[in-house]
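Trainee: Just to be clear, the model below is a prediction. Sequence and coordinates:
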Amino acid sequence: MEIIQPAYLAAWHRRVSVLAEARLRLSCAHTAPTPYALRPPSVIFSAMSQKRFLNAIGRKGDGQPVFGTGTSIACVELMHETGAYFPQAHLDPEQMADLAIAGYSVLGMDVVMPLFSVCHEVAAIGCNVNWGTSEQMPESGSPIFRSAEDIVIPPDLLHRPGCRVPLEAIGLLKKRLSGAAAVCGKVFGPWTLAYHLFGVENFLMGTIDSSSATREILSRLLPVTLAFAKAQLDAGADCLLLADHATRDLCSPGAYRDFLLPVHSQLVREIAAPLVLHICGNTSDRIGMIEQTGMGCFHWDTKTGSPAEVRKLAGERMALMGGISNYRLLQGTSQEIRAMAQAAATAGIDVVGPECAIPLKTPLANLKAIAGK
Ligand SMILES: [Zn+2]
């Protein structure tokens, strides 16, 4: 049976009333005709989610639950709610911002994040991306490089639509939220970029056959991550999710130590903003190494273990984000999701939210239940 601690419940109610007020202001201010049914207007909210979120990913929370994720919160029902649909929400800055802001205005999270797919950088580099439909996530198409020497970063990378659209959306979100909720950008690390640009199998075979060629690929792709990160911060992002799919199935603990620990440490040193590393799958064998990179926050997958186990593995310095299973989000009940959120917060998860990009068929009621809506 679900048992909710009184202090947690009281904090939750306070949060819900602040969010209800913000929703009310949003609907009152909605006067101008718009192409979308519920386009969020440019209003200044009085909520303080931005500060609370940034404190939480710096492990300086005040004990009240903080909600959010640096990965996609887009599902078909949320597209209906906002009137902003895939694939346009990948390709048009206004629609991208409209869908992203719903993370705050509809779901009650403390952060918004507009890059819903894994394809923006690789589209700008030259991959032939299929941007999908409202019920299908984009895919990056055939690999375009075979060796490190093939890597050419277009000089106008940041001006190509793959990068320019999310940069403009970040600017819009910053302006519309005026500090009410945090704006999180998203960049991919060179390991994930290589999956798309070289093909997963080709790239991983290379890590076994030639470690020097793999290092060369990573070092030639690192400037893409750094340039896109800097541009997102310049556009107004408060923090960045750094996604690098070094999951256990695709990257052994030894490979993480040899190839990625130095790269992730370098990204921590060179990106002047709070960073949240996201890695899918079971990461119990590498959380200790991730902590050594100096990463401020780690966004973990529930395959890793219970919130209490993950907190123990991570130690006390590094903040943690996640705690809600995507499978349960898709299949479970709202009551079950609320209980998971409570369990994660009480176990020391600093930002409670979905473990990864949510499935597009996720019921909106379950998504709202995370923040108690
Ligand atoms: Zn993931």
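Mentor: It's in. Residues are numbered from 1 along each chain as shown.

Trainee: which residues sit in contact with the residue of the stretch 51-200 of the chain found nearest the ion?
Mentor: Closest to the ion within the stretch 51-200 of the chain is Thr71: 6.1 Å, counting by Cβ to the ion. Every C-beta, even on glycine, is put in place using the N, C-alpha and C of the backbone. Neighbouring residues of Thr71 by Cβ atoms under 8 Å, 6 or more residues apart in numbering: Met113, Lys186, Leu241, Ala243, His278, His299, Pro354, Cys356, Ala357, Ile358.

Trainee: Likewise for Ile370?
Mentor: Phe67, Leu107, Met109, Ile324, Ile337, Arg338, Ala341, Val352, Gly353, Pro354.

Trainee: and the second one, how far is that from Met318?
Mentor: It refers to Leu107. 25 Å (Cβ to Cβ, to the nearest Å).

Trainee: quick one on the thing from earlier: among the contacts of Ile370, which are located in strands?
Mentor: Secondary structure assignment (DSSP state E) places Ile324, Val352, Gly353, Pro354 from those within strands.

Trainee: Could you verify my assumption that the third one touches Ile324?
Mentor: By that I understand Gly353. Yes - Gly353 sits in contact with Ile324 when judged by Cβ atoms under 8 Å, with a separation of 6.2 Å.

Trainee: For the chain, which residues are neighbours of the ion?
Mentor: Cys280, Cys356 (Cβ under 5 Å from the ion).

Trainee: Does the nearest residue in space to Gln95 that is not next to it in sequence belong to a helix, a strand or coil?
Mentor: Of all residues not flanking Gln95 in the chain, Ala84 sits nearest, at 4.2 Å (Cβ to Cβ, 6 or more residues apart in numbering). Assigned by DSSP: H, G, I helix; E, B strand; the rest coil, the conformation of Ala84 is coil.

Trainee: Can you get me a residue count around Ala84?
Mentor: Neighbour count of Ala84, defined by other Cβ atoms under 10 Å: 27.

Trainee: does it really touch Met96, like I thought?
Mentor: Yes - Ala84 is within contact range of Met96, at 7.5 Å (criterion: Cβ under 8 Å).

Trainee: Tabulate the contacts of Ile370 (CSV), appending pLDDT and neighbour count.
Mentor: Formatted as CSV, the contacts of Ile370 follow (pLDDT from 0 to 100; neighbours: other Cβ atoms under 10 Å):
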residue, pLDDT, neighbour count
Phe67, 97, 29
Leu107, 97, 23
Met109, 97, 30
Ile324, 98, 29
Ile337, 98, 23
Arg338, 97, 20
Ala341, 97, 23
Val352, 98, 29
Gly353, 98, 29
Pro354, 98, 28
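
Trainee: Residue of the stretch 151-300 of the chain closest to the ion, please.
Mentor: Closest point on the stretch 151-300 of the chain to the ion, by Cβ to the ion, is Cys280, at 3.3 Å.

Trainee: A strand includes that residue, no?
Mentor: No - per three-state DSSP, Cys280 lies outside any strand segment and is coil.

Trainee: Which residues are in contact with it?
Mentor: Applying Cβ under 8 Å, 6+ apart, the residues contacting Cys280 are His245, Thr247, Asp301, Glu355, Cys356.

Trainee: any idea what sits nearest Phe116, other than its immediate chain neighbours?
Mentor: Ser72 is the one closest to Phe116 (Cβ to Cβ, 6+ apart), at 4.2 Å.

Trainee: which one is Asn282 nearest to, not counting chain neighbours?
Mentor: Going by Cβ to Cβ, 6+ apart, Asn282 has Lys303 as its nearest residue, at 4.4 Å.

Trainee: Would you mind measuring from the residue lying farthest from the centre of the chain to Phe203?
Mentor: Using Cα atoms, centre = their mean, the residue of the chain lying farthest from its centre is Asp209. It sits 32.4 Å away. Taking Cβ to Cβ as the measure, Asp209 falls 11 Å from Phe203.

Trainee: And Met79, by the same measure?
Mentor: Distance from Met79 to Phe203, by Cβ to Cβ: 33 Å.

Trainee: And Gly126, by the same measure?
Mentor: From Gly126 to Phe203 the distance is 16 Å (Cβ to Cβ).

Trainee: Leu222 too?
Mentor: 15 Å.

Trainee: neighbour-wise, which of these two wins?
Mentor: Phe203 (23 against 17).

Trainee: That one reaches Tyr195, doesn't it?
Mentor: Yes - the pair Phe203 / Tyr195 is scored as a contact, 5.9 Å apart, by Cβ under 8 Å.

Trainee: list residues touching both of those two?
Mentor: If you check Phe203 and Tyr195 against Cβ under 8 Å, 6+ apart, no residue is contacted by both.

Trainee: Would you agree Val322 falls within a helix?
Mentor: Actually, residue 322 is Gly. It isn't Val. No - judged by three-state DSSP, Gly322 forms no part of a helix; its state is strand.

Trainee: check contacts around it.
Mentor: Here Gly322 is in contact with Thr69, His299, Trp300, Asp301, Thr302, Ala344, Ile349, Val351, Val352, Gly353, Pro354, Glu355 (criterion: Cβ under 8 Å, 6+ apart).

Trainee: got a pLDDT number for the last one?
Mentor: According to the prediction, Glu355 has pLDDT 98.

Trainee: How many residues are close by it?
Mentor: 25.
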